[in-house]
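Undergrad: Need a 3D model of the following:
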Amino acid sequence: MAAASRRITRKQLRQPDKFQVFSDQTLEYFSAHRALVFAAAGAVIVFALAFWGWQSFKERQNVAASHDFTRALALYQADKYAEAIPAFENVQTYRWSRYAVLAHLYLANSYLATNQLDKALNAAERSVVATKPESLYRQIALVTLGETEEQMQRCKPAIEHFSEAQKIPSALGSRATLGKARCAEALGDSQTALQAYKDYLKDNPGSPLAVKVAALEAKSTSPTATK
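TA: Model prediction:
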């Protein structure tokens, strides 16, 4: 049996059409605020064009930086550090490129290799600032900074940076631990050095540094050390 059709009441027929009302209200608003509507539309268009232009600019920078970085990296890997330095410095000029961060790291190590410690320190500090927290690049930057400070006999800040690098679960954890151990030993902090060497041996059980750990343990338990 067919369902009875729903009748439309006179009251419903007298009610205005919602779509028509909305259209009329929109038209009235547009007429009253025409300048504002055009200004808003123009702002949206300008923003869209600016965003597109910015993205295009960054992409052009990345393409150009990648070519220069590849050339600089080839020099670095060939141990031509003096030639690699200006090449990496050129990559740094592409400030908005992701390769600029890598250039800081390689530049610091190039300066280290050529014994330009002040410049290496500056480049390493810049790389720490430029890298994301908890990332491999941040860990590399911290280790590089710590090793630079170690060579400059600034072991106290070096230990801080090695310790920070240790906390990042990434590839250079053992290298950071070993750097911390060396610096603590250089400062005469045998307990910190011993613990750091022990931490290193946990990840590298076959290391010959086990002999050093035994020597430090014997030193810490000797009658002279306990006085």
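
Undergrad: Show me what the strand or helix carrying residue 140 is in contact with.
TA: Residue 140 belongs to helix 136-151 when assigned by DSSP states H and E. Counting by C-beta atoms under 8 Å, 6 or more residues apart in numbering, helix 136-151 makes contact with 101-102, 104-105, 108-109, 112, 117, 120-121, 124-125, 127-128, 130-132, 155, 157-159, 161-162, 164-165, 168, 170-173, 175-176, 179-180, 182-183, 186, all of which sit outside it. For every residue, glycine as well, the C-beta is placed using N, CA and C.

Undergrad: pLDDT averaged over it, what's the number?
TA: Confidence over helix 136-151, taken as the mean pLDDT, stands at 95.

Undergrad: buried subset of the contacts of helix 136-151?
TA: 101-102, 104-105, 108-109, 112, 117, 120-121, 124-125, 127-128, 130-131, 155, 158-159, 161-162, 164-165, 168, 172-173, 175-176, 179-180, 182-183 (16 or more other C-beta atoms under 10 Å).

Undergrad: quick one: residue 117 and residue 161, what's the gap?
TA: Note on residue 117: its distance to residue 161, by C-beta to C-beta, to the nearest Å, is 15 Å.

Undergrad: and if you look at residue 188?
TA: For residue 188 relative to residue 161 (C-beta to C-beta), the value is 19 Å.

Undergrad: again, but for residue 149
TA: The span separating residue 149 from residue 161 equals 7 Å under the rule C-beta to C-beta.

Undergrad: And for residue 183?
TA: The gap separating residue 183 from residue 161 is 10 Å, by C-beta to C-beta.

Undergrad: And this protein, what are its domain boundaries?
TA: If the domains of the chain are taken from automatic domain parsing, they occupy 55-130, 131-227, with pieces of a single domain joined by a plus sign.

Undergrad: So for the shortest one, mean pLDDT?
TA: In this case it means domain 55-130. For domain 55-130, the mean pLDDT works out to 88.

Undergrad: in what helix or strand does residue 87 lie?
TA: Using DSSP H and E, residue 87 sits within helix 81-92.

Undergrad: and that helix, what does it pack onto?
TA: Applying 3 or more C-beta pairs under 8 Å, 6 or more residues apart in numbering; DSSP states H and E, we find helix 81-92 packed against helix 34-77, helix 99-113.

Undergrad: list the contacts for residue 76?
TA: For residue 76, the set of contacting residues under the criterion of C-beta under 8 Å, 6+ apart consists of 84, 88, 106, 109, 110.

Undergrad: okay if I get the residues you listed as CSV plus distance to residue 197?
TA: Compiled in CSV, those are given as follows (distance: C-beta to C-beta, whole Å):
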residue, distance to residue 197
84, 34
88, 34
106, 30
109, 25
110, 30
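
Undergrad: Of the residues you listed - the most surrounded one?
TA: By neighbour count, taken as other C-beta atoms under 10 Å, the most surrounded of the contacts of residue 76 turns out to be residue 88 (29 neighbours).

Undergrad: pretty sure that one is touching residue 107, no?
TA: Yes - applying C-beta atoms under 8 Å, one finds residue 88 in contact with residue 107, separated by 4.2 Å.

Undergrad: Straight-line length of stretch 89-109, end to end?
TA: The first and last residues of stretch 89-109 sit 13 Å apart, counting by C-alpha to C-alpha, to the nearest Å.

Undergrad: which outside residues touch it?
TA: The list of residues contacting stretch 89-109 from outside it, by C-beta under 8 Å, 6+ apart, reads 57-58, 61-62, 64-66, 68-69, 72-73, 76, 84-85, 88, 120-121, 123-124, 126-127, 130-131, 137, 140-141, 144-145, 148.

Undergrad: I appreciate the help and will end here.
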